[in-house]
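> Task: produce atomic coordinates for the following.
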Amino acid sequence: MASLPCTPKRRRGSRSIGTALAALALLVTGGVTGAPAAGAAASTCPSANGQWDAPGPFTVNSASNGRGTTVFRPVELGTLGCTTHPVVLWNNGARSGLDRYAPLLNHLASHGFIVAAAEGNAGTGGPMLQGLNYLTTENGRTGSPYQGKVDLTNVGATGHSFGGGAAVDAGADPRVDTIAPIYPLTFSSGSRVRGPAVFFAGQYDTIVPPSTVRRTYGQATQVPAIYAEQRGADHYGIPGLHGPVTAWFRFHLMRDEQARGLYFGSDCAYCSSSAWSVFERNPRAEAVPGP
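Numbers count the residues shown, from 1 in each chain. Below is the predicted model:
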């Protein structure tokens, strides 16, 4: 099946130049909620140089806090050029534990993120946000290994299936800057999300079919939103998303400019990539500048 072209190539003719320029002006001046503005300060963390699928430079470990959150993190916080580390919140699918998702969560930690993973199976954002509360306390606690090392101004959320729905719910919290739910089964409207969002679907997912994910994406008209349907994937194609999820968070939470062109710009790499059976961007995402 041939790869479908990205949304700009299908829609550009239907939007006036004035509308496009107005959307771009909103973006640059901060009017598009949560979108990284052009020229925003880059993280001190060095770029992965396009190696999003490969393990990052950090050695990682994980441990439960005994209160419902397991933290996956770089062993040596504040090193390798990263003075602080952005946060990624995680929630499990309805019938899965953290052991299923450890490869992805360790992968994100190896790229410099502190991942606060809810240990249960809630379909709402509350347990994920408890993890954020924990890191907030630890960041300010004298003697904590996290003291001064957590970048609480850059927070993302993701999760799988039921947990993807929880990530959408968490995206309504003002502390959460961006979300990347994986095959999300949502009980919260995408219209509540406050920052940029990419919604991953599986082309052959029969548990959470693409139409379900696309509906949530269609509700998120208030933010830059992308619908990425993973070619050939069922409900458990997560290994194939390690790179795309990492790149999304590297751009939005670390301002890693090498990741921008995958999702944004008129010639975005994912727009025509064979990795996706459908790749669509809403008008606000179309307005995000490319490299």
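> Report the rounded mean pLDDT for stretch 62-79.
Averaging pLDDT along stretch 62-79 yields 98.
> From the rest of the structure, what touches it?
The contact list for stretch 62-79 (CB atoms under 8 Å, 6 or more residues apart in numbering) reads 58-61, 80, 82, 84-85, 98, 102, 105-106, 108-110, 112-120, 127, 130-131, 134-135, 145-146, 148-149. Bear in mind the C-beta positions are built from the backbone N, C-alpha and C, glycine included.
> What about the residues you listed, which are in helices?
Counting by DSSP state H, those place 98, 102, 105-106, 108-110, 127, 130-131, 134-135 in helices.
> Quick one, which of the residues you listed are buried?
Buried members of the ones in helices among the contacts of stretch 62-79, counted by 16 or more other CB atoms under 10 Å: 98, 105-106, 108-110, 127, 130-131, 134-135.
> For A166, state which of those residues is nearest.
Nearest to A166 among these, counting by CB to CB, is P127 at 7.5 Å.
> Would you map the helices across the stretch 151-291 of the chain?
162-170, 210-219, 242-254, 260-263, 283-286 (DSSP state H, counting those that start in this stretch).
> For this protein, which segments are assigned as strands?
With DSSP state E as the criterion, the chain has strands at 60-64, 69-74, 85-91, 114-118, 150-159, 178-179, 197-202, 225-230, 276-281.
> Which one of these lies nearest to Y236?
Ranking the strands of the chain by proximity to Y236 (CB to CB) places strand 197-202 first, at 8.2 Å.
> That closest one vs strand 225-230, what angle?
20 degrees (axes from the mean of the first three to the mean of the last three CA atoms, to 10 degrees).
> Need the distance between the two termini of stretch 149-168.
Taking CA to CA, to the nearest Å, stretch 149-168 runs 26 Å from one end to the other.
> now it: mean pLDDT?
For stretch 149-168, mean pLDDT is 97.
> Just the buried positions in that stretch, please.
For stretch 149-168, burial by neighbour count (16+ other CB under 10 Å) applies to 149-151, 154-168.
> re earlier: so can I have CSV of the helices of the stretch 151-291 of the chain showing distance to A275?
Listed next are the helices of the stretch 151-291 of the chain as CSV, based on distance: least, CB to CB, whole Å:
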stretch, distance to A275
helix 162-170, 19
helix 210-219, 15
helix 242-254, 8
helix 260-263, 10
helix 283-286, 17
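> Go through these and pick out the most buried.
helix 162-170 (a mean of 30; mean count of other CB atoms under 10 Å).
> Go ahead and name everything in contact with that one.
Residues outside helix 162-170 that contact it (CB under 8 Å, 6+ apart) are 89-94, 118, 121-125, 127-129, 157-159, 176, 179-188, 190, 192-193, 197, 200, 208, 216.
> mind running it again at 6 Å?
Residues outside helix 162-170 that contact it (CB atoms under 6 Å, 6 or more residues apart in numbering): 91-94, 122-125, 128-129, 157-159, 176, 179, 181-188.
> Also stretch 148-155?
Contact with stretch 148-155 is made by 77-78, 84-87, 135-136, 139, 175-177, 253, as judged by CB under 6 Å, 6+ apart.
> ok, S274 - how many residues close by?
Applying other CB atoms under 10 Å, we find 10 residues neighbouring S274.
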